[in-house]
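1. make a model of this:
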Amino acid sequence: MRYGKLRAGATALAAAGLGAAFFGSALAAELAPQQVVYDEGKVSESLSGVPGDVEAGRKVMITRGQGNCIACHEVTALKEVPFHGEVGPTLDGAGERWSEAELRGIVANSKMTFEDSMMPSFYKVSGYIRPGNAFTGKAAKTAELPPLLTAQQIEDVVAYLLTLKE
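-> This is a model prediction of the structure:
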């Protein structure tokens with residue numbers, strides 16, 4: 001009996017250790033904004049090393065102070081949220097129009113695909129022309145700025161956009 005408990009405990013510890021090792025490696029897989037490789041605007045490698053969450057991506061798309069994508073884009077699937085913008089193209093059908101790698105590149109830094117885009121570079125930390133302090137409308141106080149969205153938030157938005165089919 002005692003041996004069985006020890007063995008079960010050791011198995012649980014080993015499983016926890018494997019889980020921690022896996023979780024730690026997932027965190028280690030996150031790319032810093034300066035490490036992102038754009039291939040003609042596409043980013044084929046996950047920024048976070050973790051699959052995107054569709055519901056979290058939807059929240060980023062509609063939340064001021066996060067992505068707030070609907071401030072500039074119309075999304076029929078989000079019609080219950082008021083005040084869709086008309087500055088950017090409609091995102092209806094985005095999941096068919098662009099690949100996952102293209103969407104990741106566009107969300108991370110749209111200027112790598114559309115040079116004259118007015119869309120913010122959501123995963124960029126340097127090389128700004130007029131840096132601001134996130135979505136506050138105020139000038140930045142430091143030269144080094146954090147990205148507007150985290151690597152995981154980019155992956156979440158991409159996951160949501162991939163659901164938008166015609």
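
2. what is the subsequent helix or strand relative to the helix or strand bottoming out on mean pLDDT in the chain?
-> Within the chain, no helix or strand scores below helix 2-28, which has a mean of 41 by mean pLDDT, DSSP states H and E. As assigned by DSSP states H and E, the chain's next helix or strand after helix 2-28 is helix 54-62.

3. after that next one, which helix or strand is next?
-> helix 94-97.

4. what's that following helix packed up against?
-> helix 151-163 (3 or more Cβ pairs under 8 Å, 6 or more residues apart in numbering; DSSP states H and E). C-beta coordinates here come from the backbone N, C-alpha and C atoms, glycine included.

5. go with 10 Å
-> helix 100-109, helix 151-163 (3 or more Cβ pairs under 10 Å, 6 or more residues apart in numbering; DSSP states H and E).

6. tell me how far it is from the chain's mean position?
-> Relative to the centre of its chain, helix 94-97 is centred 17 Å away, using Cα atoms, centre = their mean, to the nearest Å.

7. what does it rub up against?
-> Residues outside helix 94-97 that contact it (Cβ atoms under 10 Å, 6 or more residues apart in numbering) are 73, 75, 89-91, 102-103, 106, 158-166.

8. name the residues of that helix that are buried.
-> For helix 94-97, burial by neighbour count (16 or more other Cβ atoms under 10 Å) applies to 94-95, 97.

9. domain assignment for the chain?
-> Residue ranges for the domains of the chain, per automatic domain parsing: 1-29, 31-163.

10. buried subset of the contacts of helix 94-97 as a ChimeraX selection?
-> In ChimeraX, a selection of the buried entries from the contacts of helix 94-97 looks like this (16+ other Cβ under 10 Å):
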select :73,75,91,102,103,106,158,159,160,161,162,164
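
11. for the domains of the chain, which has the smallest mean pLDDT value?
-> Lowest mean pLDDT within those: domain 1-29, a mean of 42.

12. rewinding a little: the helices and strands packed on helix 94-97: which one's closest to residue 124?
-> Comparing these against residue 124 with Cβ to Cβ, the closest turns out to be helix 100-109 (5.3 Å).

13. which neighbouring elements make contact with that closest one?
-> helix 94-97, helix 151-163.

14. mind listing what's buried along it?
-> Buried, per 16+ other Cβ under 10 Å, within helix 100-109: 100-109.

15. of those, which is the nearest to residue 151?
-> Nearest member of those to residue 151, counting by Cβ to Cβ, is residue 108, at 8.8 Å.

16. residue 142: neighbour count?
-> 8 (other Cβ atoms under 10 Å).

17. I'd say it and residue 133 touch.
-> Yes: here residue 142 reaches residue 133: they are 9.0 Å apart, a contact under Cβ atoms under 10 Å.
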